[in-house]
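In: give me the fold of what follows.
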Amino acid sequence: MAPYFEYIKPFEIDCRIGHEIGLHWSKIDKTAQSTEWRGNLGAYIKLDIQNTSSTSGLIENLALILYRDSNPSDKYLLEFIGFRVLDSSKTFYSDTEEELPLLLKQRERIFKIGKFIYKRDKQFPITQGIYIAELLIFLERDKKATLVRTLEIEFSKDIVDTYAELREKRSSSLVWIPEVGNVPIRSRKLSDKEYQLLK
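Out: Got it, this is the predicted structure:
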């Protein structure tokens, strides 16, 4: 078996995603004959991707699908637009020049933030409720997604209102939304429910 895993096993990856999504209003381009930016819903997801084989290979594409838990027939595809990585001081994330397809060498592991946008003129119909976010990863040999990773997030009234305000101001500030059931480890006063979820 050892020679199979060392020399023959085809390119395969494993991917873990963070327990939150960064929601923001993202710029697309400037409207014709205007200095105003056109934009729409953008999302950031933390990615931990590992090539689990001894063969190099390509990640051809990434995509994000969002839909309401209560209305799974209305699915929205957000396009991948780039990566962000921690800067050398490890204090903030900055855009990289890397594009897809992305080469992963044998046994290589990478940590990045994937940037996605709903690249349409009609605004993403964000409303209160539970949403399912599906990250799709396409490898070089596959027409369909090789891996799908799922998060369940809640767009509360505060989140919807904050996003509406950001969109109005054309601000790309981020709002991080935790996965349902996940309590972010951040200093604050805990509710009884949050305390119980942590233990």
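
In: burial of residue 188, as a residue count?
Out: Using other C-beta atoms under 10 Å, residue 188 has 8 neighbouring residues. All C-beta atoms are positioned from the backbone trio N, CA, C, and that covers glycine.

In: which helix or strand contains it?
Out: Using DSSP states H and E, residue 188 is not contained in any helix or strand.

In: what pLDDT does it get?
Out: According to the prediction, residue 188 has pLDDT 89.

In: residue 102 is in contact with residue 58, isn't it?
Out: Yes - contact criterion C-beta atoms under 8 Å: residue 102 and residue 58 qualify, at 6.7 Å.

In: tell me the spacing between the residue lying closest to residue 99 once chain neighbours are set aside and residue 94.
Out: Closest residue in space to residue 99, ignoring its immediate chain neighbours: residue 82 at 7.5 Å, by C-beta to C-beta, 6 or more residues apart in numbering. Applying C-beta to C-beta, to the nearest Å, the value for residue 82 to residue 94 is 11 Å.

In: who has more neighbours, those two?
Out: Shown here are residue 82 and residue 94; by other C-beta under 10 Å, residue 82 has more neighbours (16 against 9).

In: relative to the whole chain's centre, how far out is the helix or strand the more buried one falls within?
Out: Assigned by DSSP H and E, residue 82 falls within strand 71-86. Relative to its chain's centre, strand 71-86 lies at 6 Å (C-alpha atoms, centre = their mean, to the nearest Å).

In: now that strand - C-alpha only, PDB.
Out: Output of strand 71-86 as PDB, limited to C-alpha atoms (Å, rounded to 0.1, in the frame of the first residue of the first chain):
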ATOM      1  CA  ASN A  71     -36.400  28.600   0.600                       C
ATOM      2  CA  PRO A  72     -33.800  26.300  -0.900                       C
ATOM      3  CA  SER A  73     -35.200  26.600  -4.400                       C
ATOM      4  CA  ASP A  74     -33.800  30.200  -4.700                       C
ATOM      5  CA  LYS A  75     -30.000  29.700  -4.800                       C
ATOM      6  CA  TYR A  76     -27.500  32.400  -5.600                       C
ATOM      7  CA  LEU A  77     -24.100  31.900  -7.000                       C
ATOM      8  CA  LEU A  78     -21.300  34.200  -5.900                       C
ATOM      9  CA  GLU A  79     -18.200  34.300  -8.100                       C
ATOM     10  CA  PHE A  80     -14.600  33.900  -6.700                       C
ATOM     11  CA  ILE A  81     -12.700  37.100  -7.300                       C
ATOM     12  CA  GLY A  82      -9.400  36.600  -5.400                       C
ATOM     13  CA  PHE A  83      -7.500  35.700  -2.300                       C
ATOM     14  CA  ARG A  84      -6.300  37.600   0.800                       C
ATOM     15  CA  VAL A  85      -3.500  36.600   3.100                       C
ATOM     16  CA  LEU A  86      -2.000  37.800   6.400                       C
END
